[in-house]
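**Student:** Okay, structure incoming, though there's no sequence with it:
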């Protein structure tokens, strides 16, 4: 099991929470590096090059978002943010800065582990060329640009392919609206979310078994979207 | 003499004023005046010597300003004393050193020495002085709590100005209101016998300015100096007497209700003399005094320059401490009589009759009428002092208000005569000549009513001529056959002229009355509109509009913030708004509660006038007006009207401010009570889960090894469940508090309702395992402009209620209707429905569907739902669904709100 070797940098200033995180993640077989300040986080991330960064937004000596931005500048390592409820507005900023996902405090072990696993998996796959996406009965070959449902072929427009590709690149992670628009439509369309919304709706109509209750193409209210797949169930 | 017996009981108002005055004294600086009978007696010298001994005693003394006498002995004395910097003022190409008020205010010495109390500042100089007179600068120092020592000569005292002029023949232009002298804390008389002074003068020890040099020969005569010395000594003696009287009786001068003097003034040269005489008499009798100007039709016809003189006269009176009144009436005497009686005046001062010759015969002068008809008061007729030239009333032809002659009115007047003649021609064959004369009289009456005095007089004359020419035999000549027609002519002319004058007067009076009525109406209109206007900013706007209309000016209301600092109004300026008001001046006005700018005592050369709103003690803002024509705010009645307007605006603003404060405090009370309810409720909702958590956790710690794995798991799970409940409760309370405080910024964007409902569902999916929720949202539903996070929370709360209050297997539907500007969302279920009672109650804090019980959550879910919907400008309601179950409906905006 490759996961056993994964190294996680936990950045959290509250010792009790850090302790819980460490116990939990070590029990799952991860190796843990701890940091309690932004400064230490920076040093540890550079010296240990961990496989995943789990970071609290409210650090005493600095802004968690700034660290995310700096780490993103040199590493594609997955970043999962721990946010308190009062930091709702910072969540978007953190995601825009390059975080892959977030877990709201208080969190359950189940939730946290699921997010960590998903993020690590994405990292492993990130190096591989985009392949075939399994969304229940629907299969999408991103290279060949072919989509197939349970019965027959599904026709996706080039825009929809671009969208699903983009989502697939960050499979399991949240992509903010702004990120999606920038990558699919281009930076000049930033701020216009109508096209994106229509495109998401159409895409759901084609790939979701029940578009009214999406299972794969999820809305994260106020943040963005997340694509889930049935691959390698966690 | 009918003087009422002096009522020795102190008037409560006066007692109050006395207390106030004492309070003011406590913080006010003390004024010490070195008073002399003439230049050269050694006032400055004595002041400096006194300052040196104070300095030696360790007092913080500084010289604010010394007249540059260049005299050695004074200069020597000044050495070693701190000198404040003077202010260089450029005036007509010359730079002069002036007293720097702001430097003194900034330095704040215990005592500041400022020479020459009666000095006039250089109005028109650069920089512009704040006050026209030095005593006003000193007044400001005193108010700031700084003690001031200064010097002044007797001839500068306003009320003694005439007396000194009559004695010495030199008119002093720099005068000082007696009030300043009377209210000084210490007067030090510097006395020097006339011979010694003359000796000093000859020794070159007296500084004589160039301006006075010419007159100095005449001025420094021994007789003059002796007379001046006597006046000065008497003035100081009066002061001492008043002080000792005040000490004995407990009240100061004039505090006893006794004499009241009324000074009647007109627009002539004697007015100022009358005012000064009145002041002296009032002082001598310790009486209160008023100066009254009666605006009669005759005076209304005077030229503008003359009419404006009364502004100066009344201002002089005010500066001498008089109450000034302007009355309107057909005759000055009648108005004065009535007013004197209503105000219980004991003496009336009036100028000597000025009419000479036949005019004195035909019309009694005001003083004559007053003397004849006075009841309950004495009339004192004051003879003119020396050469008082009579001001010839420059009669304007008609209308009175117009400066230029209305020629077209004369045209009309001629036309009326022509018309009368035409009519008379038509009547001539059938009527007597006497009836034709009536037609002409009718014409004069019409002209008088319509055209004013001059033109109607022209009509009267033309009528007689035309009547004579056209009808009186022999016709078409000016010759008259019968002598008796001359009587007709004379009667026609006199009647015509009388009618012309009378009707013109009536017109004038109507205009005056109309103007007065318009003023009252204008004030009423503003008060009424202010009363129904909400919000201080809006009220300021209303006030500006009214003031601008009434005074034909541009205006602005400047309001202070919490710290008392004035700010320009925000928002769209209207056409009436005055932009570029001088905030520094306005701030001064607000702080001092006195008007400043145009025509006032402070910065009189400024283009705009700044009037404090509200009363003098606590100005609640400043009204700045920039009149199109300065007369519109300078005329006494207009100025008073502006004052009344400012008072009304101040009151209205204060009322609004109180209302705001009351609302804020009631909000605070509501918030407080919410907090209390919250605490009571939370303590219950927190204790239960805490008990479970502490119990379970301690069991695990103490007996963990002994427990079966399944039991351990059970305990841990219960801890998790209860902790989640608590966390949810705390989140809800926090959310609600944030909404209540209105500090939640909405991050709005276009969102689809389906997405939002889906996101809400996703949040609590785990708890809704046993329920079915159908989203039946039409595909063509327009997007809504909302904060996605909050609206998803709204859906989550509604679904959460579904999970909490409906049994497993309950079915729910979410549908939406496009209503144009908004989208109506319906969430309904086929569960047990709403509890009994008003469904509205559900949205109140801490209402629960099924009473206190096992269901967790402090009943805040729906309250938060409502807060979220309202924050988006929508409404939420609950009702029982037809066919059983509950139905919640709310609206979300489908348009961008206008900024």
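**Tutor:** That came through, no problem. These numbers were taken from a predicted model, which means no experiment stands behind them.
**Student:** Mind pulling up the pLDDT for the residue most central in space within chain A?
**Tutor:** Taking Cα atoms, centre = their mean, the centroid of chain A lies closest to residue A:173, which sits 2.0 Å from it. Looking at residue A:173, its pLDDT reads 83.
**Student:** Now stretch A:204-218: buried residues?
**Tutor:** Buried residues in stretch A:204-218, counted by 16 or more other Cβ atoms under 10 Å in any protein chain shown: A:204, A:206-208, A:211-214, A:216-218. Every C-beta, even on glycine, is put in place using the N, C-alpha and C of the backbone.
**Student:** now swap in stretch B:818-836 and tell me
**Tutor:** B:822-823, B:825, B:827-831, B:833-834.
**Student:** Would you work out how far apart the start and end of it are?
**Tutor:** 31 Å (Cα to Cα, to the nearest Å).
**Student:** if I pick the residue nearest to the centre of chain A, what's in contact with it?
**Tutor:** Applying Cβ atoms under 8 Å, 6 or more residues apart in numbering or on different chains to residue A:173 gives the contacts A:78, A:100-101, A:118-119, A:122, A:226.
**Student:** what's the answer for residue B:366, then?
**Tutor:** Going by Cβ under 8 Å, 6+ apart, the list of residues near residue B:366 reads B:264, B:266, B:331-333, B:336, B:350, B:353.
**Student:** tally of neighbours for residue 97?
**Tutor:** Picked chain A for this. 21 (other Cβ atoms under 10 Å in any protein chain shown).
**Student:** I was after chain B.
**Tutor:** Going by other Cβ under 10 Å, the residues that sit close to residue B:97 add up to 13.
**Student:** tell me which residues form a beta bridge with it?
**Tutor:** residue B:88 (DSSP bridges).
**Student:** Would you mind listing what in chain A touches chain B?
**Tutor:** A:85-86, A:88-89, A:106, A:108, A:177, A:193-194, A:197, A:200-201, A:212-214, A:218-223 (Cβ under 8 Å from any Cβ of the partner chain).
**Student:** if we go to 6 Å?
**Tutor:** Within chain A, the positions near chain B by Cβ under 6 Å from any Cβ of the partner chain are A:85, A:106, A:193-194, A:197, A:212, A:219, A:221-222.
**Student:** So which bits of stretch B:504-521 are buried?
**Tutor:** B:504-505, B:507-509, B:512, B:519.
**Student:** repeat for stretch B:285-299
**Tutor:** Buried residues in stretch B:285-299, counted by 16+ other Cβ under 10 Å: B:285-299.
**Student:** what's the burial count for residue 54?
**Tutor:** Because you didn't say which chain, this covers chain A. 25.
**Student:** please go with chain B instead
**Tutor:** 18.
**Student:** Going by secondary structure, it is in what exactly?
**Tutor:** Using DSSP states H and E, residue B:54 sits within helix B:43-56.
**Student:** looking only at pLDDT, what's the mean for the next helix or strand after that helix?
**Tutor:** Sequence order places strand B:61-65 as the next helix or strand after helix B:43-56, per DSSP H and E. Taken as a whole, strand B:61-65 carries a mean pLDDT of 89.
**Student:** got the angle between strand B:61-65 and helix B:43-56?
**Tutor:** Inter-element angle recorded for strand B:61-65 and helix B:43-56: 150 degrees (by axes from the mean of the first three to the mean of the last three Cα atoms, to 10 degrees).
**Student:** Which strands or helices does strand B:61-65 pack on?
**Tutor:** If you count contacts as 3 or more Cβ pairs under 6 Å, 6 or more residues apart in numbering or on different chains; DSSP states H and E, strand B:61-65 packs onto helix B:43-56, strand B:111-114.
**Student:** swap the cut-off to 7 Å and go again
**Tutor:** Where contact means 3 or more Cβ pairs under 7 Å, 6 or more residues apart in numbering or on different chains; DSSP states H and E, strand B:61-65 is packed against helix B:43-56, strand B:82-83, strand B:111-114.
**Student:** returning to that earlier point: can you name the two of the residues of chain A next to chain B that are farthest apart?
**Tutor:** Spanning the widest gap among the residues of chain A next to chain B are A:106 and A:194, at 36.0 Å by Cβ to Cβ.
**Student:** And the two? Which one has more around it.
**Tutor:** residue A:106 (17 against 12).
**Student:** Assign a three-state SS to residue B:458, would you?
**Tutor:** Following DSSP: H, G, I helix; E, B strand; the rest coil, we place residue B:458 in the helix state.
**Student:** so it touches residue B:410, yeah?
**Tutor:** Yes. Residue B:458 lies in contact with residue B:410 (Cβ atoms under 7 Å); the separation is 5.8 Å.
**Student:** Show me which of those two is the more surrounded one.
**Tutor:** residue B:458 (24 against 18).
**Student:** Now do the more buried one against chain A, distance only.
**Tutor:** 79 Å (Cβ to the nearest Cβ, to the nearest Å).
**Student:** And for residue B:460, the neighbour number?
**Tutor:** 27.
**Student:** What residues does it make contact with?
**Tutor:** Listed by Cβ atoms under 7 Å, 6 or more residues apart in numbering or on different chains, the contact partners of residue B:460 are B:444, B:493, B:496-497, B:500.
**Student:** same thing but 10 Å
**Tutor:** Residue B:460 sits next to B:413, B:417, B:440-441, B:443-444, B:447-448, B:492-501 when contact means Cβ atoms under 10 Å, 6 or more residues apart in numbering or on different chains.
**Student:** Going through these, which ones are buried?
**Tutor:** Counted by 16+ other Cβ under 10 Å, those give B:413, B:417, B:440-441, B:443-444, B:447-448, B:492-493, B:495-497, B:499-501 as buried.
**Student:** Farthest-apart pair in these, please.
**Tutor:** Farthest-apart pair in those is B:417 and B:501; separation 17.7 Å (Cβ to Cβ).
**Student:** Quick check: longest helix in chain A by residues?
**Tutor:** helix A:109-126 (DSSP state H).
**Student:** neighbouring contacts of the helix or strand following it?
**Tutor:** Using DSSP H and E, the next helix or strand after helix A:109-126 towards the C-terminus is strand A:132-135. Strand A:132-135 is contacted from outside by A:139-144, A:146-149, A:164-165, A:167-168, A:171, A:207-209, A:215-217, A:227-232, using Cβ under 10 Å, 6+ apart.
**Student:** swap in stretch B:521-534?
**Tutor:** By Cβ under 10 Å, 6+ apart, the residues outside stretch B:521-534 that reach it are B:514, B:538-543, B:545-547, B:549-551, B:641, B:644-645, B:647-649, B:651-653, B:655-656, B:659-660.
**Student:** For the buried ones among the residues you listed, write the corresponding ChimeraX selection.
**Tutor:** Remark: buried members of these, expressed as a ChimeraX selection using 16+ other Cβ under 10 Å:
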select /B:539,540,541,542,543,545,546,547,550,551,641,645,647,648,649,651,652,653,656
